[in-house]
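Chemist: structure of the sequence below:
(chains A and B)
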Amino acid sequence: MRLLLVEDYSVLRDSLRNGLTSVGYVVDATDNGEEGLWYALRNPYDLLLIDIMVPGLNGLELVRRVRAEGKDVPVLILTARDGVEDRVEGLDIGADDYLVKPFAVTELLARIRALVRRHHRAPNPLLQVEDLEIDTAGRMVRRAGVEIVLTPREFALLEYLAMRPGAVVTRAELREQLYEFASDPDSNALDVFVSRLRRKLSRPGLPTLIQTRRGHGYLLGAPGPEA
Amino acid sequence: MISLSRRLTVAIVTLVAASVGIPSIGVWVAARWHAIAILDTSLDEHALALSYMLARHGGRPPPRADPPPPPLRSAGGAQFAEIIEGDGGVSVFRSRTMDDQPIPLPALLAGTRDGDKVWLTLADGRRLRALVARPLGLTSLPIPGPSSTIGGAGPAPAVPGDGESPNKPLRLLVAHDASGEMAELTRLAMLLTAVWVAASGTGLIAAWSVRRTILRPVHRLAEAIGAVDPERLPTNLSVQVPIEMAIVPARLDELLRRLGAVIEREKRTIADIAHELRTPIAALRTTLEFALAAPGGGLGRADAERLLGVAIGMQALVANLLILTRLEAGLEKVAPINVDLADLVSNALDTLAERAAARRLRIEAPDDGPPPFATSREHARLVVQNLLDNAVSHATPGSAISVTWRRGYGSTTLVIANPTTAAPLPPDHQFRPFWRDDAARAGDGLHCGLGLALCQRLTTLLRGTLVVAADQPGRFLVSFTLPEAWPS
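Modeler: Numbers count the residues shown, from 1 in each chain, chains lettered A, B, ... in the order given. From the prediction side, this is the model:
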C-alpha cells in the first residue's frame, strides 16, 4: 500500500514515515502543499494523509484540487484544528476522514486500513482467497489454518494482491506499491520478493497461490474471467 | 457612599423651599416697605400741616378748641402725637386718641436729627412711627409762659439756665401709631411661613415620588446586569430605560461587546496554544508508540535527538507564554544596567549558526556596534534572540540576512532584514500571538508563533519601538529601537 504524507512538522513527518514504513506501507512524504499536489496527481496512492496548516498550499485546497482532477483516492486529514466547522469543511471539500492531533497510532492505522479497504471495495478486514486468510487488522496470514509469518513488506504485497483476487497486477503497479517515489530498486528485486512470498505461502500438497503471467504480472488465486 | 436618593430628596426639597421661601420673603419685605412708605408720607404731610398751623398761631400750639388737623391717609383714622419742642421746655399737642400715652420725649429727641424717621415703642407695646422735623417758616419758639402746655399732659417747661439762649431751635415730632400695620405684617409673615412649610412638605412628597420614578430604571438596569450569565455574555442587556438614560445601557452593551471580544481573544489564544502543542505532542506520541510497537521496542539515537528537539521547542513555547502572560499582567520589572547590544547580537548569532548553516543562510553583521547603554539586559536579549531566530527561520534558503545599526538622537536601532517568500504580515496581525499566514511555519518545526508578539510587548516594556515592514517585495525588515538613556 502506498501512502502520501503531507506534514510540515518535520519530527512528526519523519516519525509517521518511519512508523508506517515499518508496518508495511510505502510512504512518500513532503512538507508543503504544492509538492504534495504534484505527488498526488502523478502517483497511484492508496491514501493521502494531509495536514491542513502546511505551507505553499493549504491542505484543504490540496484536497479540493485533487478531487477537481477526478482522483478518488481516499484522503485522511491530520490536523490540530478540532472545531466542528473545521471537520465539516474538511469532509465537505472531499476528505474521507478526519483525525485530530495528537492521535493514537493504533487508531491512525485502523482508519488507514478502513479507508483503503473501502477504496478497494473490500469492506471485510478478513480477506479470503481460496484457503488463504489474511487478517488486515491483526496483520496475520493463515493458509489451511496454519499461521504464516511475513515481513511488513511481504504482507503489504500479499494484501495488495488479495484485494484484487484473480486479477493480474502488473509489475509496474506492484513496484509502485512497494517502493517509494524516486527509489530505484534492482530490476529483478520484485521477482525475488514475489518468489520469497510464494515460497512462504507454499504448503505440501496444496496448489501455488501466486501465479506468474509472463510479460504481464502476477495474480493471486484462480484466474478471474478477465484475467 | 453617596446616596443618590438622599441627594435627590435634599435637592428637590431645597429647590421647592427656596422657590417658595425667597419670593415670600420678597413679598413680606415689599409689603413692609409699602406700609412704612405710606406711614412716612402721612407723617410728612402731617408735619407740613402742623407747620402751617404753628405759623398761623404765631409759633404757639393751637388751642384745643381749634379743629384737629385734617384727616390723614392712615388706616384706622388719625392717631398722631404732635410734639413741639421749643426753647426752655416742650409743648405737646396730642391727638385725642393718644391722650393717655406717656411719650419719652427727651430721650427720643436727644438722639435724632431733623428729617429722621424713627420707631417708638409705647409702654402698652404699641409701636409708633415718628418724624422729627423743623417747621417751615419758624426757626425758633418764643419762650413760653409759666405753663404753655396745652392739654395739660406734657412735662413742666424747663427754665433756661445762665448762658443759655432764650430762643432754641424749634423742632417738631410727629408720630403715628403703626400697630395696625405691624399686626398686618405679622399676619402676612405667618401666612407666608405657612405656605412655605406646606410647599416644603409637598416638595418632600414630590422628591419621594421623583426618586422612585428616577431610580426605577436604575433598578431595572441592576436587575438586568444581575441576570447576566458570566459563562455566556450577552451582546446587549435588552433593558427598557427612559431615553435620557439610554446612554447607560448603550455604554454597558459596548462594554459587554468589548469584554466579549477580550474573552473571545483569550479563548482563541488558549485554543492556539493547544493547537501549537498538539502537533509536537503528536510527534512525541507517534514516535514513542511506533518505537514500542516495533520488535525490540527501543528508540534509536536519532529518534531520541528528535524527541529532545521537540521537548526543547515545547519548553521554549511554555517559557515564552509565561513571559507574555507576565508582561500582559504587568509583572515583568526592569532593572536597567549597562548593556552591550552588539554583544547580545553576537551571542544570538552564535546560537543560531548551526540552523543558519543548515538553511545555507549568510549573515552580514558589522564587527562593531553602538556603545553600551542602560536597559534591561535579559529583556533586550530575548528581543534580539527572537528577532534573529525569526530571520533565520523565515529567510529564503540560501539568502543573506542583513544586521545593521542606526544611531538616532538619543536612541539606537537594530535593523534586521532578510529575503522571504512568505506573504507580508498584515499590519493588524503583526503582533498577534500565534497568528500565521499560510507559509509561516515553513521549514521550522520549533517556531511557536509567539516571537513578534513577545518582542513587541518586551520592547514596550523597554520604552522602545518595534517596527515591522516589508520595504521591498519579498523582503522582511524589522527595526528594534531603544532609548540610550533609561527614562527616569
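Chemist: what ranges do the strands span in the chain?
Modeler: As the question left the chain open, I've gone with chain A. Counting by DSSP state E, chain A has strands at residues A:2-6, A:26-30, A:47-51, A:75-79, A:97-100, A:126-129, A:132-135, A:140-143, A:146-148, A:169-170, A:210-213, A:217-220.
Chemist: I was thinking of chain B, sorry if that wasn't clear
Modeler: Under DSSP E, chain B gives strands at B:80-86, B:89-94, B:117-121, B:127-133, B:171-177, B:337-339, B:362-364, B:373-375, B:400-408, B:411-419, B:465-472, B:475-483.
Chemist: got those as JSON lines, with mean pLDDT, mean neighbour count and distance to chain A columns?
Modeler: Using the backbone N, CA and C atoms, a C-beta is placed for each residue, glycine as well. Shown next, in JSON lines, are the strands of chain B (pLDDT from 0 to 100; neighbours: other C-beta atoms under 10 Å in any protein chain shown; distance: least, C-beta to the nearest C-beta, whole Å):
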{"stretch": "strand B:80-86", "mean pLDDT": "53", "mean neighbour count": "24", "distance to chain A": "108"}
{"stretch": "strand B:89-94", "mean pLDDT": "47", "mean neighbour count": "22", "distance to chain A": "114"}
{"stretch": "strand B:117-121", "mean pLDDT": "81", "mean neighbour count": "15", "distance to chain A": "96"}
{"stretch": "strand B:127-133", "mean pLDDT": "81", "mean neighbour count": "22", "distance to chain A": "97"}
{"stretch": "strand B:171-177", "mean pLDDT": "75", "mean neighbour count": "26", "distance to chain A": "102"}
{"stretch": "strand B:337-339", "mean pLDDT": "89", "mean neighbour count": "14", "distance to chain A": "35"}
{"stretch": "strand B:362-364", "mean pLDDT": "91", "mean neighbour count": "14", "distance to chain A": "22"}
{"stretch": "strand B:373-375", "mean pLDDT": "89", "mean neighbour count": "20", "distance to chain A": "36"}
{"stretch": "strand B:400-408", "mean pLDDT": "91", "mean neighbour count": "15", "distance to chain A": "19"}
{"stretch": "strand B:411-419", "mean pLDDT": "91", "mean neighbour count": "20", "distance to chain A": "16"}
{"stretch": "strand B:465-472", "mean pLDDT": "79", "mean neighbour count": "15", "distance to chain A": "18"}
{"stretch": "strand B:475-483", "mean pLDDT": "90", "mean neighbour count": "20", "distance to chain A": "15"}
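Chemist: mind putting the strands of chain A into CSV with mean neighbour count, mean pLDDT and distance to chain B?
Modeler: Shown next, in CSV, are those (neighbours: other C-beta atoms under 10 Å in any protein chain shown; pLDDT from 0 to 100; distance: least, C-beta to the nearest C-beta, whole Å):
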stretch, mean neighbour count, mean pLDDT, distance to chain B
strand A:2-6, 25, 93, 11
strand A:26-30, 22, 92, 12
strand A:47-51, 26, 94, 8
strand A:75-79, 25, 92, 8
strand A:97-100, 18, 92, 7
strand A:126-129, 16, 86, 22
strand A:132-135, 19, 89, 17
strand A:140-143, 18, 90, 15
strand A:146-148, 13, 89, 16
strand A:169-170, 16, 88, 29
strand A:210-213, 17, 86, 26
strand A:217-220, 22, 87, 27
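Chemist: as CSV, the ones you listed with distance to B:V10 would be great.
Modeler: As requested, those are exported to CSV (distance: least, C-beta to C-beta, whole Å):
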stretch, distance to B:V10
strand A:2-6, 76
strand A:26-30, 80
strand A:47-51, 71
strand A:75-79, 67
strand A:97-100, 65
strand A:126-129, 92
strand A:132-135, 91
strand A:140-143, 93
strand A:146-148, 99
strand A:169-170, 100
strand A:210-213, 105
strand A:217-220, 102
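Chemist: point me to the residue of chain B nearest chain A.
Modeler: B:F290 (3.3 Å; C-beta to the nearest C-beta).
Chemist: residues contacting that residue?
Modeler: When contacts are counted by C-beta atoms under 8 Å, 6 or more residues apart in numbering or on different chains, B:F290 is found next to A:S15, A:N18, A:G19, A:S22, A:V105.
Chemist: let's go with 6 Å and repeat that
Modeler: A:G19 (C-beta atoms under 6 Å, 6 or more residues apart in numbering or on different chains).
Chemist: now the one 4 residues further on
Modeler: By C-beta under 6 Å, 6+ apart, the contact list for B:A294 reads A:S22.
Chemist: quick one on the thing from earlier: closest to B:L120 out of the strands of chain A?
Modeler: Across the strands of chain A, B:L120 has its closest neighbour in strand A:97-100 (109.6 Å, C-beta to C-beta).
Chemist: flag every residue of chain A that's near chain B.
Modeler: Within reach of chain B by C-beta under 6 Å from any C-beta of the partner chain, chain A has these residues: A:8-12, A:15-16, A:19, A:22, A:55, A:58, A:80, A:101-102, A:105.
Chemist: least confident of the residues you listed?
Modeler: Lowest-confidence member of those: A:P55, scoring 80 (pLDDT).
Chemist: what is the least confident helix or strand in chain A?
Modeler: When each helix and strand of chain A is scored by mean pLDDT, DSSP states H and E, helix A:171-178 comes last, with a mean of 81.
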